[in-house]
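Colleague: Based on what follows, work out the 3D shape:
(chains A and B)
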Amino acid sequence: MTQSVVVQVGQCGNQVGCRFWDLALREHAHVNKRGLYDEALSSFFRNVDLRKSDGGDCCVGGRIQHLKARAVLIDMEEGVVNGILQGPLREVFDSTQLLTDVSGSGNNWAVGHLTYGSAYREAIVNKLRKAAEHCDCLQCFFLIHSMGGGTGSGLGTRVLSLLEEEFPDVCRIVTAMYPSAEDDVITSPYNSVLAMRELTEHADCVLPVENQSLVDIVNKISVMSHGAKPGSVLRKDSTVTSGQGSLSPTEKPFDAMNNIVANLLLNITSSARFEGSLNMDLNEIAMNLVPFPRLHYLVPSLTPLYTLADVNIPTRRLRPSLPFVSWNQEGWKTGLCSVPPVGHSHSLLALANNTCVKPTFMELRDRFTKLYRKKAHLHHYLDVDGMEQSIFSESLSSLSELIDEYHQLDATKARLIPDAPRLSIAR
Amino acid sequence: MSVVTVQLGQCGNQVGQELFDVISSDAQDGQRKTYSSVSRERFFRQTSQGDFEARAVLVDMEPKVINHSMNRAAKSGRWRYAEASHFSQKQGSGNNWANGFRVLGPRHRDAVEELVRREVEHCDVLAGFIPMMSVAGGTGSGVGTFVTQCLRDVYPSSFVLNHLTWPYGTGEVIVQNYNSVLTLAHLYQLSDALLVHENDAVHRICSQQLNLKQISFGDLNRVIAHQLAGVLQPALTPDSCGAYSGNPLGELVSALACHPEYKLLSACSIPQMASASIAFSTFSWPALLKHLRQMLIANTKMEEGIDWQVRPPPASAGRTSSLTAGGFNASLANLLILRGKDVYSAETGGFEDPAIYTSWLPPAEALSLWKSPVPFDKYEKSATLVSNSQALLRPLDDMVRKAWNMFASRAYIHQYVKFGISEEDFLDSFTSLEQVISSYAQLQC
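Modeller: The predicted model follows:
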């Protein structure tokens, strides 16, 4: 069984991460009736016996003593992390896993990436090493951060390149939260585009999540629950839609949205943690869904979100309605896991490497160009030590190239591509 | 004579466990002492406490499936896997053939060879190896190919019959066609013969013949295990002079794989029905054999919906441009195994008809007949046919075509190059398989 380490950076990253740990504990509590520290738990948690003199990790098979999350929490201001440490999850983290500073990044990618990135490089690498050493067989780093701010986007992407340097064989899966058009941070387009380039070059897979989509989903759920059609069943205790039944008594504003993302992470790793008739490991995700190294943006969708939807849709029925590239007409990778999420009998997670990300990226580029043409707010970035204008133009061209690559694939959509001529054998 | 099975990857370990299960329960039913003891000697060894342990080596790059299979075996109460006969790692092969063949296989070569060696030492006489694997994933296909290569190196004079499971045509793994092409091209050089089951065909058997509604991989595996056991359980062969054959793999290979370009074997069996219906059915050899013969020439694996219109083409027909002439499946060689009541009176002339064979082998050479008077797996009469024919030609051609289209756009190639497989290696594999396709396509009568 393999282990994964979650690295949460910035306010958004830590808030989503927090929901994830809450849900993971709930899921394992639901499944693990005997209180034994089993393989499934060990994929995300260490079992620590505090009485042992070496601060000892216990092996799989013993009773659960004290679970510690395999996580590194990074934030350049203390509010969120302190909140976690005072909340019900405080037992799950210890101080060696945290890295904080006081003043924040001022929504400035350059401050996060360059200033803090250099200042804290040693410390970050040490903490990552520590977390990796506790793992028997480390398969994957999950990085969670937003794209619009300063710490998550700047320092988060710096951590991504550190992960590539220090642990080149370990898969890097990034869950990136993209800002909506009405984001209140004016410079979020700059931060997002600068971070995109890092993601394109250093991540193995990226799960882009748009805030706008999360808002739409949450709104739809509340509409459903208030004006429900007769016959539709709304699961009030579903772990997807609410934190009810979780550790914290009150729900904070972004909680519902963060819950959805946390569920996504839980579902992706389920086949690696629990058994099934067609197992799917995390390294198989990258292998099957990334045909070309830069095109690794996988759009996630999850069901059921708010009703007992019929999840028994075999992929064969979905096929005719989805246009695939000519060389991958049946490009489906299937995984089957026997353990459902808490409160549901089935669930379905789909990850699609789909050109539908192209409009999102094009909008992002437009918002960036609007500001960049006027050189608005540019001085905040250029004043930072190590930041140059060329970084802006390179990031913009990286994004444009990416959009072009998707565009070329889109262009093949309507055309009927003949089979490539086969090798002919002399008789 | 004993057979050592090497179960590789998730599919190999799941199918292998079902196979041993069928064999052990078949050997147990009833009074046929010689049959039972030959079967048990072939596939199991007995511990000092009288327990039966499978002569098997279980290999996988992650532990969940092996654990599951070993637990299921132990629960049967009739047999189990030996404690120390398995090898697993923590992290799988990532569906990547190159990772399995170039990195993980060599890395763990010594450990796996040691396990095989120990199992071979337990055999009085070694009849050969059966590596069991799928071709779509990373471990079964990549590590499996490497292990087959090792078996060849270490035991050059033993028979190696690979059992392969081909995936559903529509996606279990996106890169399945690449993995399949690389595996088949390499195994063609290494193995004596490749006995293939296709998930699509077995699925049809489950849904139309057995009327199962929600078909799981467990159901597929049980059908495959039944057919395989029908081939491997003891039988009287022409060479064995009135006793059960001591060299089943050798005889199968020499009966069917007579030419190095023709190694693809497929199996079909009759009858196949839900076990609840067996008690209410009567069987006659003429009916069974007539259906089986038509299943062979119309290339279908089930008694349901046989196309009786398909006939051998007239001798004057000449070459056609399609892969097979008018849907007719030409055979190179056939092995017919009859089990149960009245086997000696069964009339098998239909299988000796020269019209169904390619012209360069006389039918007397092309057909081999094995018999066992012992009823198999609860069927009063049953027949299994192992063919070296054009049956796999279309699925193989589809597989190569899809892989070639994907290769033309170089999609996913960087994932293989990362582990040491170059574009040249891909081209070599494509060339080998085009040769195989061409050879089989020429098998017109």
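
Colleague: quick one: residue B:16 and residue B:69 touch, right?
Modeller: Yes. Using Cβ atoms under 8 Å, residue B:16 is in contact with residue B:69, at 7.2 Å. All C-beta atoms are positioned from the backbone trio N, CA, C, and that covers glycine.

Colleague: So between the two, which is more surrounded?
Modeller: residue B:16 (29 against 25; other Cβ atoms under 10 Å in any protein chain shown).

Colleague: show me the residues around the more buried one that make contact.
Modeller: Contacts of residue B:16 were listed using Cβ atoms under 8 Å, 6 or more residues apart in numbering or on different chains, and they are B:5, B:7, B:56, B:58, B:69, B:132.

Colleague: And residue A:11, by the same measure?
Modeller: Counted by Cβ under 8 Å, 6+ apart, residue A:11 has contacts A:75, A:77, A:79-80, A:146, A:149, A:151-152.

Colleague: Sitting in helices, which of those do you find?
Modeller: A:79-80 (DSSP state H).

Colleague: Out of the contacts of residue B:16, flag the one nearest to chain A.
Modeller: residue B:69 (11.2 Å; Cβ to the nearest Cβ).

Colleague: Let me see the confidence value for the closest one.
Modeller: pLDDT for residue B:69: 95.

Colleague: Show me which residues of the stretch 51-200 of chain A are close to chain B?
Modeller: Residues of the stretch 51-200 of chain A found near chain B (Cβ under 8 Å from any Cβ of the partner chain) are A:136-137, A:139.

Colleague: bridging residues for the spatially most central residue of chain A?
Modeller: The residue lying closest to the centre of chain A (Cα atoms, centre = their mean) is residue A:175, at 2.0 Å. On the basis of DSSP bridges, residue A:175 is bridged to residue A:144, residue A:207.

Colleague: The helix or strand of chain A with the lowest mean pLDDT: what's the following helix or strand?
Modeller: The least trusted helix or strand in chain A, going by mean pLDDT, DSSP states H and E, turns out to be helix A:315-318, with a mean of 49. Later in the chain than helix A:315-318, the nearest helix or strand by DSSP states H and E is strand A:348-352.

Colleague: So that following strand, near chain B or not?
Modeller: No. In terms of Cβ under 8 Å from any Cβ, no part of strand A:348-352 sits within range of chain B; the closest distance is 11.5 Å.

Colleague: Would you indicate which residues of that strand are buried?
Modeller: Neighbour-count burial for strand A:348-352 flags A:349, A:351 (criterion: 16 or more other Cβ atoms under 10 Å in any protein chain shown).

Colleague: What is the neighbour count of residue A:377?
Modeller: Neighbours of residue A:377 (other Cβ under 10 Å): 14.

Colleague: Was I right to think residue B:231 contacts residue B:252?
Modeller: Yes. Here residue B:231 lies in contact with residue B:252, judged by Cβ under 8 Å, at a distance of 7.3 Å.

Colleague: which residues are common contacts for those two?
Modeller: With Cβ under 8 Å, 6+ apart as the test, residue B:231 and residue B:252 both reach residue B:386.

Colleague: okay, those two: which has more neighbours?
Modeller: Between residue B:231 and residue B:252, counted using other Cβ under 10 Å, the more crowded position is residue B:252 (26 against 21).

Colleague: unless I'm mixing things up, the more buried one is touching residue B:161, no?
Modeller: Yes. The criterion here is Cβ under 8 Å, and residue B:252 meets it with residue B:161 at 6.9 Å.

Colleague: shared neighbours of those two, anything?
Modeller: residue B:193.

Colleague: thinking again about what came up before, quick check: of the contacts of residue B:16, which lies closest to residue A:343?
Modeller: Nearest to residue A:343 out of these is residue B:69 (Cβ to Cβ; 31.3 Å).

Colleague: And that closest one, which helix or strand is it part of?
Modeller: helix B:64-76.

Colleague: pull the CA atoms of that helix into PDB?
Modeller: What follows is helix B:64-76 as a C-alpha-only set of coordinates in PDB (Å, rounded to 0.1, in the frame of the first residue of the first chain):
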ATOM      1  CA  LYS B  64      -4.200  -6.200  -2.500                       C
ATOM      2  CA  VAL B  65      -5.100  -8.800  -5.100                       C
ATOM      3  CA  ILE B  66      -2.700 -11.400  -4.000                       C
ATOM      4  CA  ASN B  67      -4.000 -11.100  -0.400                       C
ATOM      5  CA  HIS B  68      -7.500 -11.300  -1.700                       C
ATOM      6  CA  SER B  69      -6.800 -14.400  -3.800                       C
ATOM      7  CA  MET B  70      -4.900 -16.200  -1.000                       C
ATOM      8  CA  ASN B  71      -7.800 -15.500   1.400                       C
ATOM      9  CA  ARG B  72     -10.400 -16.800  -1.000                       C
ATOM     10  CA  ALA B  73      -8.300 -20.000  -1.600                       C
ATOM     11  CA  ALA B  74      -8.000 -20.700   2.100                       C
ATOM     12  CA  LYS B  75     -11.700 -20.200   2.600                       C
ATOM     13  CA  SER B  76     -12.500 -22.900   0.100                       C
END
